[in-house]
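*Asks:* structure here, sequence nowhere to be found:
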């Protein structure tokens, strides 16, 4: 698997478990990246993945001068559709001006280390086909198409 060897100012940013005090920074970063304000969603994500961390739930942040420079959220899930236990990444964001300096890779590696410590040997995620930025990021980390095909149907 190919890993980024870039170093830069983000190399010094500490990565640590999220706290409740980080949620406003996560909300602000997500709004900066997506253009959408979703405070209820992020408070719920913190309650599920940050407030009750354990071997299977991970919510990590990187700080930059008191601001959240990036975050990643994942969980070990098992046996859905016959899948063996795997790490799943639900969200990853890095400030636009801090990209290409290795912070996203460091966050990805940190969550993968947590998954390994929980005893799983693979990581999965889903990406929208038109989100080329995040698709390219995950591909740069060595991820590729997995064994499942997503199906959906409108309910209206």
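*Replies:* Good, I have the coordinates. The structure displayed is predicted, hence computed values, not measured ones.
*Asks:* so where's the longest strand in the chain?
*Replies:* Secondary structure of the chain per DSSP state E: the longest strand is strand 67-77.
*Asks:* can you name every helix or strand that whichever helix or strand comes after that strand contacts?
*Replies:* Once the chain leaves strand 67-77, the next helix or strand it forms, by DSSP states H and E, is strand 86-94. Strand 86-94 sits against helix 23-34, strand 67-77, helix 103-117, strand 123-124, with contacts defined as 3 or more CB pairs under 8 Å, 6 or more residues apart in numbering; DSSP states H and E. Using the backbone N, CA and C atoms, a C-beta is placed for each residue, glycine as well.
*Asks:* and for residue 118, the neighbour number?
*Replies:* Residue 118 is flanked by 16 other residues according to other CB atoms under 10 Å.
*Asks:* contact partners for it?
*Replies:* 55-56, 76, 85, 87 (CB atoms under 8 Å, 6 or more residues apart in numbering).
*Asks:* hang on, the earlier thing: pick the most deeply packed of the helices and strands packed on strand 86-94.
*Replies:* With neighbours defined as mean count of other CB atoms under 10 Å, the helices and strands packed on strand 86-94 peak in mean count at strand 67-77, which reaches a mean of 22.
*Asks:* neighbouring strands - and their directions - for that one?
*Replies:* Here strand 67-77 has these sheet partners by DSSP bridges: strand 57-64 (antiparallel), strand 86-94 (antiparallel).
*Asks:* got those as TSV, with distance to residue 106 and mean pLDDT columns?
*Replies:* Formatted as TSV, the strands paired with strand 67-77 follow (distance: least, CB to CB, whole Å; pLDDT from 0 to 100):
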stretch	distance to residue 106	mean pLDDT
strand 57-64	7	92
strand 86-94	10	95
